[in-house]
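Novice: Please find the sequence and the predicted model below.
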Amino acid sequence: MTTFRCGQTVSYRSVVAKSVRSQVAKRRTLHKSQNRCCIAFCWPALTRDVVLDPFFGTGTTGVVAKRLGRHFVGIEREEAYVSLAMERLEKTKPLDDDALEITKSKKFEPRIPFGILIEQGLLNPGTVLYDNKRRHRARIRADGSVVGADVAGSIHKVGAHVQGAPACNGWTFWHFEEKGSLIPIDLLRQQIRAESAAAN
Ligand SMILES: C[S@@+](CC[C@H](N)C(=O)[O-])C[C@H]1O[C@@H](n2cnc3c(N)ncnc32)[C@H](O)[C@@H]1O
């Protein structure tokens, strides 16, 4: 990997990755002076993604990248714009970590099948699950399915069936009993996710 000092003058070819170069070459032929004269800006102290702006101008892309804690590479041929961009970048401060924190959407969390809870011994076949008001019950089977009064299937399917609902999130609907209290099975799923995140 090539690294550059911030503001270092470098050749266009050394900055733009081979794949990008071949795309650029296909689309247009650069004048020789355009090809040679450009400035690479690199922000070395930050981690995470790298943003490339091959037409950096006065550096708006770099300013945003620096604020959002991204590496960036900028290429600009006009010295006047380079100076302006450098000034703007000097004044730009990265946002603090709290502001950059992104709440992960649940859909990006690793999928945990209900059967894993049985495989890992967190719940046993034969254990009875209840809804939070104990109106409905279902017994766990060894294969990770559950069986209710007149239906068998996944925790979601049986949860929906017993309520007469079109769909149900079985993870939040079903609870197991511990010392007289009802605990949502979702708690066990969260425990598995936390353990697997800690192991990676
Ligand atoms: C529209 S401006 C860029 C705006 C900038 N990306 C932003 O977000 O603020 C285009 C810039 O590309 C530069 N430029 C054009 N051809 C170039 C080349 N071959 N090498 C380097 N810079 C180039 C121009 O000097 C100009 O400053």
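Specialist: Alright, I've got the coordinates.
Novice: quick one: residue 173 and residue 131 touch, right?
Specialist: Yes - the pair residue 173 / residue 131 is scored as a contact, 5.8 Å apart, by Cβ atoms under 8 Å. For the C-beta atoms, the positions are set from N, CA and C on the backbone; glycine is no exception.
Novice: Need the residues touching each of these two.
Specialist: In terms of Cβ atoms under 8 Å, 6 or more residues apart in numbering, residue 173 and residue 131 are both contacted by the residues residue 159.
Novice: neighbour count winner among the two?
Specialist: Set side by side, residue 173 and residue 131 show more neighbours around residue 173, with 24 against 18, by other Cβ atoms under 10 Å.
Novice: Can you get me a residue count around the nearest residue to that one once chain neighbours are set aside?
Specialist: Across the structure, with Cβ to Cβ, 6 or more residues apart in numbering as the measure, the residue nearest residue 173 apart from its sequence neighbours is residue 159 (4.1 Å). The criterion is other Cβ under 10 Å. On that basis, residue 159 has 25 neighbouring residues.
Novice: Likewise for residue 185?
Specialist: Every residue meeting other Cβ under 10 Å relative to residue 185 is counted, giving 22.
Novice: Make 91 the first number, not 1, from now on.
Specialist: Got it, the first residue is 91 from now on, which makes the last one we talked about residue 275.
Novice: How about the contacts made by the closest residue to it other than its chain neighbours?
Specialist: Setting aside the residues directly before and after it, residue 275 is nearest to residue 264 in space (Cβ to Cβ, 6+ apart), at 5.1 Å. For residue 264, the contact set (Cβ under 8 Å, 6+ apart) comprises 219, 220, 221, 228, 236, 245, 249, 274, 275.
Novice: and if you look at residue 239?
Specialist: The contact partners of residue 239, taken as Cβ under 8 Å, 6+ apart, are 226, 227, 252.
Novice: Compare those residues and tell me which has the most neighbours.
Specialist: Neighbour tally across those (other Cβ under 10 Å): the maximum, 20 neighbours, falls on residue 252.
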